[in-house]
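[1] Here you go, sequence then predicted model.
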Amino acid sequence: MALKGGRLPVVDERALPYSHPLYDTLLQTPGLSVATAAVDLVLEWGLRNSLWIFPMATSCCGIELMAAAASRVDLDRMGTIVRATPRQGDVMVVAGTITVKMAPRVLALWEQMPEPKWCIAMGSCAISGDFYRNLYPVVPGIDTVLPVDVYLPGCPPNPEVLMHGLLRLQEKVRAARSGQPVPRDPNPGLIDLTKPANGRVGDPSRAADLGAQQVAAALVASSLDRSDEPAPGAEPVVEAPDEPAEPAFEGVAPEFEALLRDTFGVTDFPKDRAPAVDPARHVELARSLKRMGWRQLVYVVATHYAEKTGAKASPERFEVAYALRSVGAGSKVAAWRLELAPGQQPPSLVGLFAGADWQEREQFDLVGVGFAGHPDLRRIMMPDAWDGHPLRRDYPADKECAPWR
Ligand code: SF4
C-alpha cells in the first residue's frame, strides 16, 4: 500500500454500513431467516471457541500466561491457542508492565489485529501500572492506550484467572452476537481511587484528540525504530585481538591492590567503596587487568551527585564504577571508580570488552555520562526523543511523557 507521508491511513470501519446484493436478497427471501439463524448460531459458537490469543507478555504475568497453555489449565481445550502474530490474533492479552517506549509498538500491533478483536488486561500492572504507576517510564494502565474488554486483577493472576477471563469474554461475545448491549467492564484498580493523567479509552474525561495523537506517535515510533541496526555512519567495533593464553589466574585482591599502588599511584583504599583511578589511565588499568586474568566485564555503573549547598556544600559530580571478574575456579572481582566533573567523558572500554558497548550506552541514556571513543553512543532504554536522563538525582520521578502518561 502506498503510504501517505510515510504513515498508514487510519480508517474507522465501525461506522460503515454493510451491504451486499447477495446479503440483501437473502434477507428478502421468505423463511430463510430460520435457516440463517441456525447458521448464525454455528458461527457464533465457532467465534466463541476460537479466541486466538496474541500475547503481549512483558514481565512476570507473562509466565502465568505461558502456564495457562500448559497441561493443567490447557487453554487449547476451548480453542484458545496462542499466535505470535497480530494478523491471526483475536484477543490481545496484555500481561505485564507497559512502558512509554513499548506503548507505541503495542498500539501499532493492536491496530494490525483484524476486527472483531478484544483485549484482556492481565494483572495489576496492565490494569493500572501498579507499583510502577507513578514512575517516569510506565503507562498507568493499558486502557489509557487501547480499549480493554476484560480486566483480570492480581499480582499475578494465576492461569485459572486467565481462563475465567476468557469465559467472561465468551459471554460478552455471545451477548454481542445476539444483539444485546455489552457495556465495558469497569477498571477494578482505579474505579474511585485515582485517575490516570491520561483518560482511559471510552472515558468521557479523555481528551478528544488523544487517541489520534497516540496513533500518530505509534506510527512514527514504529517507522523510526532502528534499535537493532547500527547507527548510520558508525565505525565498526574493532575488538582488541585476544591476548595470548595466560596461565590460570590464582591472584587475589592484593595483586590488584599492588598493581594500583605501584603502577597507577593509588594510595587511598576506602573500606566501603572501590578505589578511585585517574580517568585518563583507566583503559590502561583495564588492559593490565585483562592480561592478568580479569577477562570478564561485570558492570559499568554511573551515579550522579547533585550540587549540595549549606554546611555540607559540594559541587555537582558524577562517578562511574567498573568491575571485572577473573574467570575459572577461585574467581575474583576487581572494581574501581572514576570521579568526573559534569561534561567530563572517560575513555570507552569498548575496544577492550565488547560488553561495554551496551553497558556504556545504558549509563549514557539514564545518567547522561558520555564515553569518549564509543562507536555508537545513543539511547538504549528510553525513547529517542526522551527529555533528560531519568536516573539523575534531580530528575522528577513522575515526569510526564505525552501522549502516553
Ligand atoms: S502484576 Fe505483579 S506479577 Fe504481574 S507484571 Fe506486575 S508485578 Fe509482575
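    Arrived safely. From a predicted model like this one, the values you see are computed outputs, not experimental measurements. Numbers count the residues shown, from 1 in each chain.
[2] same question for the longest strand along the chain, mean pLDDT?
    Determined from DSSP state E, the single longest strand within the chain is strand 294-305. Mean pLDDT, computed over strand 294-305, is 94.
[3] which SSE is the nearest residue to Leu32 once chain neighbours are set aside in?
    Among residues not flanking Leu32 along the chain, Leu26 sits closest, at 5.6 Å (CB to CB, 6 or more residues apart in numbering). Backbone N, C-alpha and C define where each C-beta goes, glycine included. Using DSSP states H and E, Leu26 sits within helix 21-28.
[4] C-terminal to that helix, what's the next element?
    Assigned by DSSP H and E, the successor of helix 21-28 is helix 32-48.
[5] Quick one: list the elements packing against the longest helix seen in the chain.
    Longest helix of the chain, by residue count under DSSP state H: helix 159-177. Here helix 159-177 touches helix 32-48, helix 60-68, strand 91-95, strand 118-122, strand 150-152, going by 3 or more CB pairs under 8 Å, 6 or more residues apart in numbering; DSSP states H and E.
[6] so which of the ones you listed gets nearest Glu111?
    strand 91-95 (10.8 Å; CB to CB).
[7] Direction included, what does the closest one pair up with?
    Applying DSSP bridges, strand 91-95 is found paired with strand 53-57 (parallel), strand 118-122 (parallel).
[8] Select, out of these, the one closest to Glu360.
    strand 53-57 (29.6 Å).
[9] chain center to the closest one: distance?
    Relative to the chain's own centre, strand 53-57 is displaced by 14 Å; criterion: CA atoms, centre = their mean, to the nearest Å.
[10] close to the ligand, is that strand?
    No. On the criterion CB under 6 Å from any ligand atom, strand 53-57 is out of touch with the ligand, staying 9.0 Å away.
[11] Show me what counts as buried in that strand.
    Ile53, Phe54, Pro55, Met56, Ala57 (16 or more other CB atoms under 10 Å).
[12] Next, the contact list for the third one, please.
    Just to be clear, that refers to Pro55. Gly62, Leu65, Val82, Ala84, Val93, Ala95 (CB atoms under 8 Å, 6 or more residues apart in numbering).
[13] Now the two most distant members of those residues.
    Most distant of those, by CB to CB, are Ala84 and Ala95, 14.0 Å apart.
[14] Name the residue in those two with the higher neighbour count.
    Ala95 (29 against 9; other CB atoms under 10 Å).
[15] In stretch 204-216, which of the residues would be classed as buried?
    So stretch 204-216, judged by 16+ other CB under 10 Å, has buried residues Leu210, Gly211, Gln214, Val215.
[16] could you dump the helices and strands packed on helix 159-177 to CSV with distance to Met292 and mean pLDDT?
    Shown next, in CSV, are the helices and strands packed on helix 159-177 (distance: least, CB to CB, whole Å; pLDDT from 0 to 100):
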stretch, distance to Met292, mean pLDDT
helix 32-48, 66, 82
helix 60-68, 40, 94
strand 91-95, 46, 97
strand 118-122, 50, 96
strand 150-152, 54, 94
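[17] what residues does the protein put near the ligand?
    Checking the chain against the ligand by CB under 6 Å from any ligand atom, the hits are Ser59, Cys60, Cys61, Gly96, Thr97, Gly123, Ser124, Cys125, Asp130, Cys155, Pro156.
[18] Could you give the number of residues near the last one?
    Pro156 has 23 neighbours, counted by other CB under 10 Å.
[19] what's it in contact with, if anything?
    Cys60, Cys61, Ile63, Glu64, Ala95, Met122, Gly123.
[20] In the stretch 151-300 of the chain, where is pLDDT below threshold?
    Along the stretch 151-300 of the chain, segments meeting pLDDT under 70 span 188-194, 222-253.
[21] Could you tell me which of the buried residues of stretch 204-216 are located in strands?
    Those of these lying in strands (DSSP E): none at all.
[22] measure Lys172 to Gly211 for me?
    22 Å (CB to CB, to the nearest Å).
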